[in-house]
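Engineer: Turn this into a structure:
(2 chains)
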Amino acid sequence: MKPGTLSTALKSGAIWGFIILELIFFSVAGEFLSLSDKAFMDWDNMLLLLKQSAPIGIIAMGMTIVMVNGNIDLSVGATFAIAAIVLLDSMTWPIFAGLGDWVIPVAWLLALVVGTLLGALNGLIVWKTGVDAFIVTLGAMLGYRGIVFMFNGEQPTSHLNWTLVDFAEAELLGLATASWFLLAATLVIWFVMAKTVHGRNAYAIGDNREAAVNAGIRVGPHMMINFAIIGFLAALSAVVFYSESGSVNPNDGQLYELWVITAVVLGGTKITGGAGNVIGTFGGVIAIQLLRKGLGHIGADTSTVNLVIGLILVAVLVLDRQLNMKGKEELKV
Amino acid sequence: MADITRQQIGSLLAKQGILIAFVAFLIGFTIANPKFLTPDNVLSVIRSSAILGVMALGVTFVVISGNLDLSVGSMMSFSTIVVLDLHDKIGPALAIPAMFAMTLALGALIGFLVGYLKLNSLIVTLGMLSAIHGLTLTYSGGKNMDIVDKEGTWFSVFGQGTALGLPIPILMFIGVAALLGLILSRTSFGRKVYAVGGNGTAATFSGIPRARTVFMCYLISAACVATAGLIQASRSLGSQNTVGQGLELEVLAAVILGGASLLGGSGTIFKTVIGVLILGFIQNGLLLIGLQFYVQFIVTWVIIILAVWLDIAAKRGKLWSPIA
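Structural biologist: Coordinates of the predicted model:
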C-alpha cells in the first residue's frame, strides 16, 4: 500500500459517512423534536431533497473542474441571475412573438449561450492577462451583478409560461425534472474528468502548472474551456430553477458562490487544485442540503444552519490537515 | 534603447497608474459636474467611505501576510448588533469595550486557525463568514436592533459628531490609518508581516515567528472591524442583522485596487487609503453625473482587473500573459 492510501480512502469516504451520520441524527432527533409526525427518512422527503439540491448542485459540478484546475469562480451567482433574466425576459421579446411555445427552446438556448459566454469571458481574461482567477471573478461578480440591474433596475423580472412550468414540474420515473438535470450534469462532468484527456489535463494543470506547460498542454485555452463550462452550468441551473418559479429578483443567486464552494470543499476537492472529484462534490451537495433540511426538521431556524455549516467547513479543514500531516514536511507553508 | 524607454514608461504607468488614473478621473468628473470637487462633497464621500476604509486598513495587514479575510463583513454585522444590544443593557461605556473584546475573540479564533494550525485562510474565513452570520442571527433572534433612547445618548458621537471641523468618522479613519501605517512601515512587527507574506519559508528559517505574526494580523483586522462596527452602530443607532453583508468583497476590492498582491508581501496602508477613496469617489461621481447606482459595479469590475493587470504586466515586462 502506498503511503497516504489509507488517508485518501478515509477522506473520499468521509463525506458519505457524514451523510449517514446526518441521516441517523436527524431521524432520531426528529422523533423527539419534530413538530410534524412524518419521519425524516421519508422517501418523498428524500426525493424532494434531491430536487432542492439541484440549483447549487449543478453549479458545483462546474466548480469542481474549475477548482481542480487550480482556479476559482466567484461570479457564478451573478451569472446565474443574468441567465435567469435572459430566460424570462427573452420570452416576451416582440421578435419571438410569432413562435408560440417554440419560444421556450429559443429562450433556453439564449440563456445557456449567455452563461457560457460570460464564463468564457472570465476564462479569456485569466488566460490573456495572467491575473489570478480569484481577482478576475471577484470583479466579475460585481460587474455581472451590475448587468443584472441594467435589465429592470431593482424590480423583479417575471414571466410565467405554463408549458414551461408543466415541463419543470413534470416527473419521470419518480424524479423531478431538476433532479434529472442534476444527475445528468454530475454524470457528464464525471465522464469528462475521469475518462477524457481534457479531464486528465485539468488535474495535471492544477497539480503543477509549470510542469503542465512543459508537457505541452495548452494551459490557457484549457482553463478558458473550464470557465465556459461553469458558466454554462450556472446558466443551466438558472433555466431549470426559473422555468418553474417564473420570477427573478435582481439579488437572486447572491452568496451562491459561497454555498457552491462549501459543497465542493466538503466533497474533498483541494482549494489549491490537483485533487478532487465530482462524486465527492455530489456528496458535499447532498450533505449541505440534508443539513439545511434536517435542522429545519428538528425546528432549528436558518441562523443555526449558517452557524453549523460554517463550523463544519472549518472542522473538515482541521480534520483534513490531521489526516495529511504524515509524510509532509512540517515547514511547508 | 527604445525598448528600455518604453519599458520605463510602462513601469511608471503601472506603478503610479492607479494614482494617475485617479487624478484623471477626478478631473473628468469635476468637468462633468462642478459640484464633484466641492469641500462638502469631498467630505461626504470620505465620510461614507470611512466604515469600508477602516475595515480595509485591517485587511491590508492580513493580505500582506499572504492570507485572505472574507469574514470581515459578517463580523462587522456582529459587532454592530452586539454594541447596540449592550448599549441599552449595560450602558455605552461598558458596551464598547465588551463589543471590542467579543470581536477580538472572533479574530483570535481565525488567527489561531490560520496562523497556528496553518489552515487555508480562504476556506477558514469563508466558513467563519457563514458561522458568524449565524451567530449574529442567533444573538439577535433575527430581529433588528434599536437603541431605545436615540436622542439622549452620547453614543451617537462616533458616527454623527464633529471635532476640529471634521466629522468624527473621518478623524477615526485618519487616526487608524496613521497608527497602522506607522506600525506597518516603522516597526519590526511591520517588517515581519512583509517577510511572512513575501516568503513564509524563508521567514521561518530567519527565526520570524510566522504563526504569531499571522495571528496578530487577524487581531488587527478584528480590531478594525470592531471600530467600523462602532461607527456604523453610532451613525444609525439601529441596525439590521445583515448590515455588513457583502462588504468583505468591497473591502478586498479596495485593498487590491490599492495594489496589494493577493500572493502577499506587498501593499501599503497609503495605497489602501487610495483604493478606498477611488471606490468612494467612483460611486459618488457616477451618481452625480446622473448614472444609476449599478453602473458603479460595472466600472469597479473594469477598474479592478485593469489595475491588477497593469501591475503584473509591469512586473513581468510584458502586457500579455506568457501562458500558452
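
Engineer: ranges for the strands of the chain?
Structural biologist: No chain specified, so I'll use chain A. Ranges of strands within chain A are A:157-158, A:171-172, A:175-176, A:247-248, based on DSSP state E.

Engineer: Chain B was what I was after
Structural biologist: Under DSSP E, chain B gives strands at B:145-146, B:162-163, B:166-167, B:238-239.

Engineer: what does the second one rub up against?
Structural biologist: Around strand B:162-163, the neighbours that count as contacts under Cβ atoms under 8 Å, 6 or more residues apart in numbering or on different chains are B:168, B:171. Just so you know, the C-beta spots here come from the backbone N, C-alpha and C atoms, and that holds for glycine as well.

Engineer: That one pairs with which strands, parallel or anti?
Structural biologist: strand B:166-167 (antiparallel) (DSSP bridges).

Engineer: who's in contact with the partner strand?
Structural biologist: If you take Cβ under 8 Å, 6+ apart as the criterion, strand B:166-167 is touched by B:43, B:47, B:160-161.

Engineer: same check, this time on stretch B:172-190
Structural biologist: Here stretch B:172-190 has contacts from B:46, B:49-50, B:53-54, B:57-58, B:60-61, B:64, B:158, B:193, B:213, B:216, B:220, B:224, B:227, B:231, B:268-270, B:273, using Cβ under 8 Å, 6+ apart.

Engineer: And the residues you listed, which of them are buried?
Structural biologist: In the contacts of stretch B:172-190, burial by neighbour count holds for B:46, B:49-50, B:53-54, B:57-58, B:60-61, B:64, B:158, B:193, B:213, B:216, B:220, B:224, B:227, B:231, B:268-269, B:273, counting by 16 or more other Cβ atoms under 10 Å in any protein chain shown.

Engineer: Okay, and which of these map to helices?
Structural biologist: Taking DSSP state H as the definition of helices, the buried ones among the contacts of stretch B:172-190 contribute B:46, B:49-50, B:53-54, B:57-58, B:60-61, B:64, B:158, B:193, B:213, B:216, B:220, B:224, B:227, B:231, B:269, B:273.

Engineer: before we move on, the earlier item: can you list the strands of chain B in a markdown table and add mean pLDDT?
Structural biologist: Shown next, in a markdown table, are these (pLDDT from 0 to 100):
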| stretch | mean pLDDT |
| --- | --- |
| strand B:145-146 | 81 |
| strand B:162-163 | 81 |
| strand B:166-167 | 85 |
| strand B:238-239 | 80 |
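
Engineer: Contacts only, for residue 52.
Structural biologist: If you meant another chain, say so; for now it's chain A. A:Q52 makes contact with A:289, A:293, according to Cβ under 8 Å, 6+ apart.

Engineer: my question was about chain B
Structural biologist: B:228, B:247, B:250-251, B:254, B:276, B:279-280.

Engineer: try 7 Å
Structural biologist: Shown in contact with B:L52 (Cβ atoms under 7 Å, 6 or more residues apart in numbering or on different chains): B:247, B:250-251, B:254, B:276.

Engineer: Would you mind checking which of those is nearest to chain A?
Structural biologist: B:E250 (8.2 Å; Cβ to the nearest Cβ).

Engineer: Who are the contact partners of that closest one?
Structural biologist: Residues near B:E250 by Cβ under 7 Å, 6+ apart: B:52, B:279.

Engineer: now check stretch A:263-282, is it near chain B?
Structural biologist: Yes. Applying Cβ under 7 Å from any Cβ of the partner chain, one finds stretch A:263-282 touching chain B at A:265, A:271.
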